[in-house]
Structure formats: C-alpha cells, structure tokens
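>>> Here is my input; please provide its structure:
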Amino acid sequence: MTETIEASSTDKRGRSLVMIDRLVESRTEMLSIYSNLANMKPLNSNADAPMLLQEFCEALVDYAANAHFQLYRYFAEGKERRQQILDIADRIYPRILEITNIVLDFNDKYDCGDHCSALNELEADLSQLGEYLADRIELEDKLIAAFGYKFG
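Numbering: from 1, shown residues only. Just a heads-up that it's a prediction; the model follows:
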C-alpha cells in the first residue's frame, strides 16, 4: 500500500514538472522572439517587423495559455496538496491574471499579420510589455522554485 501512495505522489510530481517544463519552454521561445523583435529598431519602418510581430503574438498567447491551461488549471482542479505551493499560487495568481489581460490586450492590438498599421506605437508598447513580462516571470519563478524545479 505504501508503494502505491509513493508511486502516486511521484506521478503527480512528475506531471507537475512536465507542466513546468512546457511553461518554461514556451516562455523561452516567446522571450527569444521578443528579443529579436525588440532589436529590429526602428520597428515602424522595418519591413520584417510585421512578420516577426505576428510570430511573437502567437508565441506570447501560447505562453500565456500554457500557464493558465496547464499550470493554473492544475491548482483549480485541486491536484496540488502541498500547502506551501498552494499559498504561493494564491498570492501570485491575481497579479498573473492582471498581466495575462495586458498580454491579451497587446495581442489584440498587434495580431494583425502583415497588414499592421499601428506600428508607430509598437516600440513603446513592446517596452512596457517587457516590464510586465519580467514581473510575471519573477512571480512564476517563485512558484516554480516551490515545486523544486531546477532550471537547466
């Protein structure tokens, strides 16, 4: 019986680490594209910017969705039992949700494919978004660390 409980516990931790791996992978991809886009200045006159912006918007939404539909749903469904992790998740989730709404607003404004006409504000919006993403990543990293995840 003890082996079954230990295996079940190990399986749950393994699943949570897989979710974190997915989150970190999607976050890393999004940040890489963000960096490439931010380095294309001036964005409003760069012919390659709209295409990379479209790729960034897709990666940004994938990252935000990955966090919500993988990791935070895990909490909402009551699959996590460790109180320390639950406490951290409860503390950071409201701010994560606020930043997710900012991410979605950015996407709504700039997910326009190769016909973007609002690129005059992109540099300022991208810079502001970067600050929000840094806040979000810092919060996520607190939660990830509580899981015992090792970045590698």
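>>> need the contact list for F75.
L86, A89, Y93 (Cβ atoms under 8 Å, 6 or more residues apart in numbering). C-betas here are computed from N, CA, C, even on glycine.
>>> Looking at those, which one is closest to I144?
Of all the contacts of F75, A89 has the smallest distance to I144: 11.0 Å, by Cβ to Cβ.
>>> Which other helices and strands does the host helix or strand of E98 contact?
Take DSSP states H and E as the rule and E98 turns out to sit in helix 83-110. Judged by 3 or more Cβ pairs under 8 Å, 6 or more residues apart in numbering; DSSP states H and E, helix 83-110 is in contact with helix 49-66, helix 73-76, helix 122-146.
>>> Would you mind listing the buried residues in the first one?
Of the residues in helix 49-66, those scored as buried under the neighbour-count criterion (16 or more other Cβ atoms under 10 Å) are 49-50, 52-54, 56-57, 59-64, 66.
>>> give me the low-pLDDT residue ranges for this protein?
Within the chain, the ranges that satisfy pLDDT under 70 run 1-16, 113-118, 151-152.
>>> how far is stretch 141-152 from where the chain is centred?
14 Å (Cα atoms, centre = their mean, to the nearest Å).
>>> Next, the buried residues of it.
Buried residues in stretch 141-152 (16+ other Cβ under 10 Å): L143, I144, A146, F147, Y149.
>>> who's in contact with the spatially closest residue to the last one that is not a sequence neighbour?
The spatially closest residue to Y149, leaving aside those adjacent along the chain, is I20, at 4.9 Å (Cβ to Cβ, 6 or more residues apart in numbering). If you count contacts by Cβ under 8 Å, 6+ apart, I20 has them with L71, I144, F147, Y149.
>>> Quick one: residues contacting the first one.
The reference is to L71. M19, I20, L23, L143 are the contacts of L71 under Cβ under 8 Å, 6+ apart.
>>> related to what we said a few turns ago, most neighbours among the contacts of F75, which one?
A89 (20 neighbours; other Cβ atoms under 10 Å).
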